[in-house]
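>>> Structure for this input, please:
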Amino acid sequence: MANDSTRKSKPRRSTVRAVSRVKPAKHSDIAAIVQSVAGMGGQRAAAFAARYFKTGEGEYGAGDKFLGVRMPALRQFARTVGEAGLDVALPLLKSGWHEARALALLLMVRAYEKGDPRIREAVYRTYLRHTKFINNWDLVDLSAAPIVGAWLADKPKERKSVLTRLAKSKVLWERRIAILATHHSIRNGEATETFRIARLLLNDKEDLIHKAVGWMLREVGQRIGQDIEENFLKQVYREMPRTMLRYAIERLPEAKRKRYLLGLA
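Numbers count the residues shown, from 1 in each chain. Below you'll find the predicted structure:
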């Protein structure tokens, strides 16, 4: 369930009007799309996905349902849906099927990338209002940077407020959105926000957050510079969970990796 932090981010009136003018997709259209997606899946693949994404009782993906469709096939199918926008994506995002929600996010990313500023704002604010449906790591990873990160890129005050709120959320997936959204900045040569959110998540208890933070720090090293990454690591690496550190230093020379792991960097 999304917490109050996302509900506080209310859309502007112009965005509400923009969304309200969108003609809702017919229920039969959505059902046909889901049926088409289901036809690409299979029971064995679905069973494997259920295990892979930890859907057992007490696991992070508990209760999720899979059709057994692989992501490359889903991406290819998304291109056949046409210029689908929020009228199609939002009902799919609310589906109980994991692959339908993934398709919804692929459509939202495409709508954002091809849309004008009005459409982009509508996609972004719809995304934040519906984070309870973005409830596994793959769904976060395919959408946080191209929607949340992209929208906030030139809005430093809003970016700081929104990402801080997400990073402090009680919801695992919202915290992952916060750090993954900074991948957009990393790809544009800027690491400040990544480092700020990483500090907020240093003491997180979830392994999926440790991996995400370590991954983004590694991306800083790969895309911006290892010296930039190491300047930050040397300040905090002794506080880092082991998994986070291992992910962060994965691409460093072996001798350096050993020194970090031994606490001697």
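>>> who's in contact with the residue most central in space within the chain?
By C-alpha atoms, centre = their mean, the chain has its centre lying nearest to V140, at 2.2 Å. Neighbour list for V140: 134, 173, 176-177, 180 [criterion: C-beta atoms under 8 Å, 6 or more residues apart in numbering]. Glycine gets a C-beta too; all of them are placed from N, C-alpha and C.
>>> any idea which element the closest residue to it other than its chain neighbours lies in?
Nearest residue to V140 in three dimensions, chain neighbours excluded: R176, at 4.7 Å (C-beta to C-beta, 6 or more residues apart in numbering). The secondary structure element spanning R176 is helix 172-181 (assigned by DSSP states H and E).
>>> Name the residues of that helix that are buried.
172-181 (16 or more other C-beta atoms under 10 Å).
>>> Would you mind listing the buried residues in the very next helix or strand once past that helix?
Following helix 172-181 in sequence order, the next helix or strand is helix 183-187 (DSSP H and E). Across helix 183-187, burial judged by 16+ other C-beta under 10 Å covers 183-186.
>>> Tell me the helix or strand right after helix 183-187.
In N-to-C order, the element after helix 183-187 by DSSP H and E is helix 192-200.
>>> What average pLDDT does that following helix get?
Per-residue pLDDT over helix 192-200 has a mean of 98.
>>> Strands of the stretch 51-200 of the chain, start to end?
Read by DSSP state E, counting those that start in this stretch, the stretch 51-200 of the chain holds no strands at all.
>>> so where's it shaky on pLDDT?
The model of the stretch 51-200 of the chain has no residue with pLDDT under 70.
>>> what about M240, distance to K157?
29 Å (C-beta to C-beta, to the nearest Å).
>>> Same check on V69?
Taking C-beta to C-beta, one finds V69 at 40 Å from K157.
>>> out of those two, which sits in the more crowded spot?
V69 (24 against 8; other C-beta atoms under 10 Å).
>>> Check whether the more buried one really touches E99, as I assumed.
Yes: using C-beta atoms under 8 Å, V69 is in contact with E99, at 4.5 Å.
>>> Common neighbours of those two, please.
By C-beta under 8 Å, 6+ apart, V69 and E99 have these common neighbours: 37, 41.
>>> quick one: contacts for the closest residue to D141 other than its chain neighbours?
Distances taken as C-beta to C-beta, 6+ apart place L180 nearest to D141, at 5.9 Å, with adjacent residues excluded. Counting by C-beta under 8 Å, 6+ apart, L180 makes contact with 140-141, 144-145, 149, 212, 216.
>>> Tell me the one of these nearest P117?
G149 (16.2 Å; C-beta to C-beta).
>>> What sits closest to that closest one if chain neighbours are left out?
In space, and not counting its chain neighbours, G149 is closest to H184: 2.8 Å by C-beta to C-beta, 6+ apart.
>>> Am I right that the one you found is in contact with D154?
No: between H184 and D154 there is no contact under C-beta under 8 Å: 10.9 Å.
>>> quick one, helices of the stretch 101-250 of the chain?
117-129, 137-143, 150-152, 156-167, 172-181, 183-187, 192-200, 207-223, 226-236, 242-248 (DSSP state H, counting those that start in this stretch).
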